[in-house]
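[1] Attaching a predicted model along with its sequence, questions to come.
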Amino acid sequence: MRHLTEHNALSRRGFGLGLLGMGGGLVIGFRMGADAQQPAAAGPQLPAMIRANPALNSWVRITPDGAVTVFTGRVEIGQGTLTAMRQIAAEELDVAPERITVVSGDTARTPDEGVTSGSFAIKLGGSALAHACADARATLVKAVAEAWKVAPATLKVEDGFIIGTGQRVNYGEAAGLVSLVRPVDANAKRKPASEQRIVGTSYPRTDIPAKVFGDRVFIHDMRPQGMLFGAIARPPAYAARVLSVDLAPIKAMPGVVEVVRDGSFLGVIAKREEQARAAAERLATSAKWDNGPALFAGKNVFEHLLEAPHEVKTIHELKAAATQPPALTHKRTYRRAFQAHASIGASCALAQWQGDTVTVWSHTQGPFPLRVHLAKALRTPEANVRVIHEQGSGCYGHNGADDVALDAALLARAVPGRPVRVHWAHEEEMAWEPWGSAMIVELEGSMDADGRLTDWNHDVWSFPHSSRPGPSGGMDGCNLRSAWYLADPLPPSKATDGGLPNGASARNAVPIYTAANQRVTTHYHQVMPIRTSALRTLGGFFNAVSAEMFLDELATMAGRDPVSVRLANIKDDRLAAVLNRAVAMSGWMPAPVTAGKVLAPEMRGFGVGLSRYKNQDCYVAVVAEVAVDTRSGAVKVRRLWSATDTGRAVSPDGVINQIEGGMVQATSWTLIEAGRFDAGIMRAVDYVDYPIIDFLDTPVIESVLIDRLDQPSVGAGEGSQAPAGAAIANAIFAATGRRVTELPFTRERVRAALQA
Amino acid sequence: MIELNVNGRQVAVDVDPDTPLIYVLRNDLALNGPKLGCARGQCGACTVHLDGAAVRACQTPVKAAAGQAIVTLEGLGSPAKPHPLQAAFIAEQALQCGYCTNGMIMQAAALLKAKPQPTEADVRAGLNANLCRCGCQPRVVRAVLKAAGKGA
């Protein structure tokens, strides 16, 4: 098995700052929302990421020896995106995928594509790279055609050789005929799907061999010469500040090299990792702290969401000219607990100062925004900070990745020239990472006598779904946590709620169903006593799960089955196609749910969930079969079936891996995951207090992909969570005839609902 | 100094005998296979073999490993000579981020040694204390059954 290197190894990068400044020609600081929503003008439009990074040689470079390097601002977070980028580049360039070097997420070398999130990597980053590579190929072919005095169409390209009229020349020589140092041409044409040979195949992921043989892959595995280990002494509560602390006894502990204090930021640098951890723990417990005010003023978080000051905004409204009086109306409130990313490997970073400049190796999703906020917190110009992406454990959104990068940089500053690695403890990650917001969704709707929705009102109460670092000049304050604890603190940036069509609190709150009258209202809390940020799908999971639960309740009231009621209320054939396919696979014969049925010791049922992620990305339908132990309340998800349409799938197996992984993760979110906190801090900090799904509880899964060669590739990484959660919720409802309205559906909660 | 036998090689390390084995393997011996996960024995990412038995390196003091054959993921197989599980994990693309993969393979290798022809239920039970957050459990089960000469 051939080993490919996605990222240059540390030694090959030169462990210094020699490359700093290479990014001088790159455009930085684009604003995702504005770019992606720019209205189409006349003539061909460049992909948004190219408008932000217009230079062709910022995407693809060819050296005289014919070596091909492509550059992407997107980063590998375990989703296989760099393999997909390699496929895309190989396809458009007609170069064997294994001959391409892929450089990713380096503020000194790659395009600034903001954050690898929101299922945008292939949709936006992939389309940009494809366009640039198509331009490069056409440019090289045209230059050779002119040299040979033939029409470009008479030439073909095979693995980086331009061939025709009995001659052949490689890309390296062709690149000598023409400059690729110019803006990307908006007129470049990508290959039609019918000519694709690499895109659309399940090309094996190039990062997997290294991961199964124990090669160096993760930041956690980086061990540059002279490296020291750092650890942070965490406060006992989020609002806590140091009253007094004696550093001398900590300095005297075995292996301790430095103890760092800056206000209430306390950390230790030691020769050995376990020494750093032990010293940091003692530092934390020996310091005297003022814990600050109680979280939510001692109230229940759901009371806080309803009662504390917040912003109310109606963000979507449709009104029919005239409607028939509805046959039935229904209203229900659903709630979800705080939920965690709970990565298996806690967040980690490596930092090294040389003079005024610092290099930080990070598994951040956004190397460029991280650089902006590191520069703020370190009070140094952005040009003095280089961020290089290296892989970490799966993050599933905004976990501690960015915050630990500042921790490493703050500690490393105390030992100039020495690399310092900080790898948070798991319980530190769980307590200090941003959590997925607790949420309340209230739905009110009506249906006419034919089973058609007439009214659909969706209200959502939520804390922020992003407190990430942002672009240069984009926001005040600093979203790296330790900056809030410095002697001269930087406050967190003011959180804002993402608008439609992507939405944040209201992601997927706009119904996929054709109700004549629709309204979506957000009740947004900018202040977050427990810091929240992006957990995979943002508000999308719970909004769509709530909507799907609500629709099944309406269907039951109308005496209709869950599948026909959906088909009667959708117009999009692609939604209908995934729904019909998933139902057919499952063998389920849908029937109206009987409310309040008599309970046997075990009840079984089927349920369905349907969603189009962000109302614009992949279509996914999931059918679940559950068994409910009606005495204990335990729910067993026996099987899940899914059908997915993500347009043209770059890697069908990659899509299925994401879809099925999301279904397993959503099963865990839906049944068992809830953050528990006390007056000051999250207390669910290990796998006993915050369990995640295990092998015995993982359902049997069957999935199909409906590949649409004629449709653009859209995001798939977050498409299955909501329909999976909804299918499970609706299967419990079908099995028992009773609705559990608060996630997770723990056995206590299910038992209580069954006994009510 | 503590003498250890790691992947067939004798090495001596100068550490506190109570140091958890995971730190010694990763930081003193520069091995990448075993991963530091929860450090509480709850996730399985640090799993190694001691005389063939799968143990949690985060819960094993280095002194307890002295005198036993320590095998890590690196010692299990290589690209030139992969262990059947390593080949099967590649064939089934049985991971996403890969942080838990060490534990999955090392735990499964011990399982297959004790039970060369496991059922799917055996595999699920045998790996139940190994956590995967990406949700690759179905693929991991398929890969283990494939390595055992069964299944996909």
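    Ah, there it is.
[2] which one is the residue positioned nearest the centre of chain B nearest to, not counting chain neighbours?
    In chain B, the residue lying closest to the centroid (C-alpha atoms, centre = their mean) is residue B:106, at 2.7 Å. Leaving out its chain neighbours, the residue that sits closest to residue B:106 by C-beta to C-beta, 6 or more residues apart in numbering or on different chains is residue B:47, at 4.1 Å. For glycine as for every other residue, the C-beta is placed from the backbone atoms N, C-alpha and C.
[3] Backbone dihedrals for that neighbour, both of them.
    phi -60, psi 130 (degrees, to the nearest 10).
[4] Across the sheet, point out what pairs with it.
    residue B:56 (DSSP bridges).
[5] I'd like to know how far it sits from chain A.
    For residue B:47, the distance to chain A equals 12 Å [C-beta to the nearest C-beta, to the nearest Å].
[6] Could you count how many residues lie near that residue?
    30 (other C-beta atoms under 10 Å in any protein chain shown).
[7] List the buried residues for stretch A:152-170?
    A:152, A:155, A:157, A:160-162, A:164, A:169-170 (16 or more other C-beta atoms under 10 Å in any protein chain shown).
[8] Equivalent analysis for stretch A:246-266, please.
    Result for stretch A:246-266 [16+ other C-beta under 10 Å]: buried residues A:247, A:250, A:253, A:255-262, A:264-266.
[9] quick one: which of these is nearest to chain B?
    residue A:255 (9.8 Å; C-beta to the nearest C-beta).
[10] okay but that closest one is in contact with residue A:275, surely?
    Yes: Residue A:255 lies in contact with residue A:275 (C-beta atoms under 8 Å); the separation is 3.4 Å.
[11] that's a helix at the residue nearest to the centre of chain B, yeah?
    Yes: assessed with DSSP: H, G, I helix; E, B strand; the rest coil, residue B:106 lies in a helix.
[12] I'd like to know how far the residue nearest to residue B:106 sits from residue B:64.
    15 Å (C-beta to C-beta, to the nearest Å).
[13] Over to residue A:469?
    Applying C-beta to C-beta to residue A:469 and residue B:64 gives a distance of 44 Å.
[14] Report the residue ranges of every domain in chain B.
    Domain segmentation of chain B under automatic domain parsing yields B:2-76, B:84-147.
[15] what's the answer for chain A, then?
    If you go by automatic domain parsing, chain A breaks into A:10-213, A:219-291+A:341-432, A:530-755.
[16] can you give me the end-to-end distance of the longest one?
    The distance separating the two terminal residues of domain A:530-755, taken as C-alpha to C-alpha, to the nearest Å, comes to 33 Å.
[17] For that domain, the averaged confidence score.
    Average pLDDT, domain A:530-755: 97.
[18] now check that domain, is it near chain B?
    Yes: applying C-beta under 8 Å from any C-beta of the partner chain, one finds domain A:530-755 in contact with chain B at A:653, A:657-658, A:660-665, A:668, A:686-688, A:692-696, A:698, A:700-701.
[19] Now, the residues you listed that are in helices?
    A:653, A:657-658, A:660-665, A:668 (DSSP state H).
[20] quick check, nearest of these to residue A:215?
    residue A:657 (20.7 Å; C-beta to C-beta).
[21] Let me know how buried the closest one is, in neighbour terms.
    Count around residue A:657 with other C-beta under 10 Å applied: 29.
[22] can you pull out the helices in chain B?
    So, for chain B - with DSSP H - the helices run B:21-23, B:62-65, B:73-76, B:84-91, B:101-114, B:120-126, B:137-147.
[23] now do the stretch 551-700 of chain A
    Listed in chain order, the helices of the stretch 551-700 of chain A (DSSP state H, counting those that start in this stretch) span A:562-567, A:573-586, A:652-671.
[24] So which of the ones you listed has the densest surroundings on average?
    Comparing these by mean neighbour count (mean count of other C-beta atoms under 10 Å in any protein chain shown), helix A:652-671 ranks first with a mean of 26.
[25] Restrict that helix to CA atoms and write it as PDB.
    Output in PDB follows, covering the C-alpha atoms of helix A:652-671 (Å, rounded to 0.1, in the frame of the first residue of the first chain):
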ATOM      1  CA  PRO A 652     -19.600   7.500  -2.800                       C
ATOM      2  CA  ASP A 653     -17.900   5.600   0.000                       C
ATOM      3  CA  GLY A 654     -16.800   8.800   1.600                       C
ATOM      4  CA  VAL A 655     -20.400  10.100   1.600                       C
ATOM      5  CA  ILE A 656     -21.700   6.800   3.000                       C
ATOM      6  CA  ASN A 657     -19.100   6.800   5.800                       C
ATOM      7  CA  GLN A 658     -20.200  10.400   6.700                       C
ATOM      8  CA  ILE A 659     -23.900   9.500   6.500                       C
ATOM      9  CA  GLU A 660     -23.600   6.300   8.600                       C
ATOM     10  CA  GLY A 661     -21.300   7.900  11.100                       C
ATOM     11  CA  GLY A 662     -23.700  10.700  11.500                       C
ATOM     12  CA  MET A 663     -26.600   8.200  12.100                       C
ATOM     13  CA  VAL A 664     -24.600   6.500  14.900                       C
ATOM     14  CA  GLN A 665     -23.600   9.800  16.400                       C
ATOM     15  CA  ALA A 666     -27.200  11.000  16.300                       C
ATOM     16  CA  THR A 667     -28.500   7.800  17.900                       C
ATOM     17  CA  SER A 668     -26.100   8.700  20.800                       C
ATOM     18  CA  TRP A 669     -27.300  12.300  20.900                       C
ATOM     19  CA  THR A 670     -30.900  11.300  20.800                       C
ATOM     20  CA  LEU A 671     -30.800   8.600  23.500                       C
END
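[26] Packing partners of that helix?
    The criterion is 3 or more C-beta pairs under 8 Å, 6 or more residues apart in numbering or on different chains; DSSP states H and E, and the helices and strands that helix A:652-671 contacts are helix A:540-557, strand A:635-645, strand A:700-705, helix A:721-736, helix B:137-147.
[27] Next, the angle helix A:721-736 makes with it.
    With axes from the mean of the first three to the mean of the last three C-alpha atoms, to 10 degrees applied, the angle from helix A:652-671 to helix A:721-736 works out at 50 degrees.
[28] got the angle for helix A:652-671 vs helix A:540-557?
    Using the same axes, to 10 degrees: helix A:652-671 against helix A:540-557 is 70 degrees.
[29] bridging residues for the residue nearest to residue A:100 when sequence neighbours are not counted?
    Nearest non-adjacent residue to residue A:100, counting by C-beta to C-beta, 6+ apart: residue A:68, 5.0 Å away. For residue A:68, the beta-bridge partners under DSSP bridges are residue A:62, residue A:100.
[30] so residue A:68 sits right up against residue A:103, yeah?
    No: counting by C-beta under 8 Å, residue A:68 does not reach residue A:103; the two are 11.3 Å apart.
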